[in-house]
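Trainee: Got a predicted structure plus its sequence, pasted below:
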Amino acid sequence: MLARSSRVALLFAALSVLSFLAIGCSDSGAPGDVTGTSEDALDANEAPAFSFFVGKGLTTFQAAGIVGNLVQESNVDPTAVQSGGPGRGIAQWSVGGRWDSDGGDNAVAYASEQKMSVDSLTLQLEFIWYELTNFSSYGLGRLRATTNVTEATVAFQDDFEGCGTCDESNRVAYAEAALAAYGSISYAASYVSQSFPLATTTLKMTAGQIIPSSLTMKNTGTKNWGSSTRLGTTGPRDRASAFADSTWVSSSRLDAVSGTVAPGGDYKFQFDLRAPEKPGLYDEHFGLVEDGVAWFGDPGQGGPSDTQIEVKIQVIASDGGTVGGDEDGGLEAPQPGAQPGDPSGSSADGSSADGADSGGCSTSPKHEGTSGAWLMAAMTMMVLSRRKSSKRKRAA
């Protein structure tokens, strides 16, 4: 008997031949071959695509259902061009439609907004998520309601791809193979909520100010979380953060899980952000890590990526005014459904792939020089009063 990994590899090889015989297209429904990058590069794209959708909170079989469709459409090749047809990219969006023309819903315009190449795998994955979360007709609700890989594959095929000749059995087979190959992700997390602003809003702090903060994440992997599961610094990993204080585990670990969090459970990481004494604009990135084992953003794990959890902070000198949050020093939480950080410019709201509102709040320094302004006004009134008095005396 072949080992499980060998059987999966053979299945993918056989199905790869079939895919070139019948390729779908998101808008046109016209099958045709696609041209793009090498087979090795295509295989390498399947795992990150799978991890991307798991990181967005979908189940492993739902993520596999999407990947099965993308393999059928393009072999997950962001540079794929349908031979003799309009299809482009991993989902084979149509030229003259969702690829470059539809108002508020085309990949080229979205790439321009995000300042990324339209041929980037990351950009196209984010664009799929943008479409799913901003246009209900693309079937995210139906996809989330599925209970197995076949249902998930068909839901994405029908509502998102809208193919003509779909070759449904091929899509399901690809999805099953993807689930077998990538479905056992040990460490993965999806975003639930945060107390600090998204990266689209700069948090303003005075030097030395402390703001109690929190980030809640859901365990979407197969392993329990424990004391070795921590929120750490990234960009680069394990750097000493200028915002660390005594509430942190260390200068590179904001908080560690207390107790056990089973798959499907949530955990709120709690920590202070203490502004450094040096004024300036800081861009902080964080990620989850199973210390001694793996970072959640590693290849083969389910995310979040090292750049997804982000907070931008403007630190001003302590004599330049004060910056307040809530009465207890905290911040108003972002709106439900928002995504952490903002990998695509505005984290999936009306201009990004996550469909989230950029909630949170940004505090502002109090107006400076108020007492000086009142003094100048008073002096001006005195001068005018004296001038009027002199005129009355001369007239008398």
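Mentor: Looks like it arrived, so ask away. All values derive from a computational prediction rather than experimental measurement.
Trainee: Show me which positions of stretch 74-87 end up buried.
Mentor: Neighbour counts over stretch 74-87 (16 or more other Cβ atoms under 10 Å) mark 74, 75, 76, 77, 78, 79, 80, 81, 82, 85, 86, 87 as buried. Yep, even glycine has a C-beta here, placed from its N, CA and C like the rest.
Trainee: Now do stretch 267-282: everything it contacts.
Mentor: Stretch 267-282 has contacts (Cβ atoms under 8 Å, 6 or more residues apart in numbering) with 196, 202, 205-217, 219, 225, 229, 231, 242-248, 254-255, 257, 261, 311-318, 320.
Trainee: which of those count as buried?
Mentor: Neighbour counting by 16+ other Cβ under 10 Å classes 196, 205-207, 209, 211-217, 219, 225, 229, 231, 242-244, 248, 254-255, 257, 261, 311-316 among the contacts of stretch 267-282 as buried.
Trainee: quick one: strands adjacent to the one helix or strand residue 205 maps to?
Mentor: Applying DSSP states H and E as the criterion places residue 205 in strand 203-206. Applying DSSP bridges, strand 203-206 is found paired with strand 309-316 (parallel).
Trainee: Tell me the spacing between residue 112 and residue 85.
Mentor: Distance check for residue 112 against residue 85: by Cβ to Cβ, to the nearest Å, it reads 24 Å.
Trainee: no wait, residue 216
Mentor: Noted for residue 216: a distance of 45 Å to residue 85, by Cβ to Cβ.
Trainee: just residue 304 next, same as before
Mentor: As for residue 304, its distance to residue 85 is 36 Å (criterion: Cβ to Cβ).
Trainee: Please apply the same query to residue 52.
Mentor: 26 Å.
Trainee: Residue 110 now?
Mentor: Residue 110 is 21 Å from residue 85, where distance means Cβ to Cβ.
Trainee: Can you give me the neighbour number for residue 181?
Mentor: For residue 181, the neighbour count with other Cβ atoms under 10 Å is 20.
Trainee: packing partners for whichever strand or helix holds it?
Mentor: Assigned by DSSP H and E, residue 181 belongs to helix 168-182. Secondary-structure packing of helix 168-182 (3 or more Cβ pairs under 8 Å, 6 or more residues apart in numbering; DSSP states H and E): helix 4-19, helix 39-55, helix 60-74, helix 149-156.
Trainee: ok, of those, where does mean pLDDT dip lowest?
Mentor: The stretch with the lowest average pLDDT out of the helices and strands packed on helix 168-182 is helix 4-19, scoring a mean of 43.
Trainee: okay, now the domains of the protein?
Mentor: Per automatic domain parsing, the domain ranges recorded for the chain read 4-182, 187-385.
Trainee: which stretches of the chain aren't confidently modelled?
Mentor: Along the chain, segments meeting pLDDT under 70 span 1-42, 320-396.
Trainee: Show me where this structure has its strands.
Mentor: All strands of the chain, identified by DSSP state E, fall at 34-35, 81-82, 87-88, 93-94, 189-194, 203-206, 210-219, 229-234, 253-256, 266-274, 280-290, 294-295, 309-316.
Trainee: Dump those strands to TSV, plus distance to residue 175.
Mentor: Compiled in TSV, those are given as follows (distance: least, Cβ to Cβ, whole Å):
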stretch	distance to residue 175
strand 34-35	19
strand 81-82	21
strand 87-88	20
strand 93-94	20
strand 189-194	20
strand 203-206	41
strand 210-219	23
strand 229-234	30
strand 253-256	36
strand 266-274	28
strand 280-290	27
strand 294-295	25
strand 309-316	29
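Trainee: what's the closest of the ones you listed to residue 59?
Mentor: strand 189-194 (10.5 Å; Cβ to Cβ).
Trainee: Any buried residues in the closest one, and which?
Mentor: By neighbour count on 16+ other Cβ under 10 Å, the buried set for strand 189-194 is 189, 190, 191, 192, 193, 194.
Trainee: ok, it: who's next to it in the sheet?
Mentor: According to DSSP bridges, the neighbouring strands of strand 189-194, each with its direction, are strand 210-219 (antiparallel).
Trainee: CA atoms only for the strand it pairs with, dumped as CSV, please.
Mentor: This file holds the C-alpha atoms of strand 210-219, laid out as CSV (Å, rounded to 0.1, in the frame of the first residue of the first chain):
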residue,chain,number,x,y,z
ILE,A,210,-0.7,53.3,29.3
ILE,A,211,-3.8,51.9,27.6
PRO,A,212,-5.2,48.5,28.7
SER,A,213,-5.9,46.5,25.6
SER,A,214,-7.2,43.2,24.4
LEU,A,215,-7.4,40.9,21.4
THR,A,216,-9.8,38.0,21.2
MET,A,217,-9.1,35.0,18.8
LYS,A,218,-10.9,31.8,18.0
ASN,A,219,-9.0,28.4,18.0
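Trainee: Please list the outside residues in contact with it.
Mentor: 57, 188-196, 203, 205, 225, 231, 245, 261-275, 286, 288, 304, 309, 325, 328-331, 340.
Trainee: Which PyMOL command selects the buried ones in those residues?
Mentor: Selection of the buried residues among these in PyMOL, burial being defined by 16+ other Cβ under 10 Å:
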select buried, resi 57+188+189+190+191+192+193+194+195+196+203+205+225+231+261+267+269+270+271+272+273+274+275+286+288+304+309+325+331+340
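Trainee: circling back: dump the buried residues of strand 189-194 into JSON lines; add distance to residue 102 as well.
Mentor: Converted to JSON lines, the buried residues of strand 189-194 look like this (distance: Cβ to Cβ, whole Å):
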{"residue": "189", "distance to residue 102": "33"}
{"residue": "190", "distance to residue 102": "29"}
{"residue": "191", "distance to residue 102": "28"}
{"residue": "192", "distance to residue 102": "32"}
{"residue": "193", "distance to residue 102": "32"}
{"residue": "194", "distance to residue 102": "32"}
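Trainee: Please identify which of those residues is nearest to residue 236.
Mentor: Checking those one by one against residue 236 (Cβ to Cβ), the nearest turns out to be residue 189, at 20.1 Å.
Trainee: could you measure the nearest residue to the closest one once chain neighbours are set aside against residue 85, distance?
Mentor: Excluding its sequence neighbours, the residue lying closest to residue 189 (Cβ to Cβ, 6 or more residues apart in numbering) is residue 217, at 4.3 Å. From residue 217 across to residue 85, the span is 42 Å (Cβ to Cβ).
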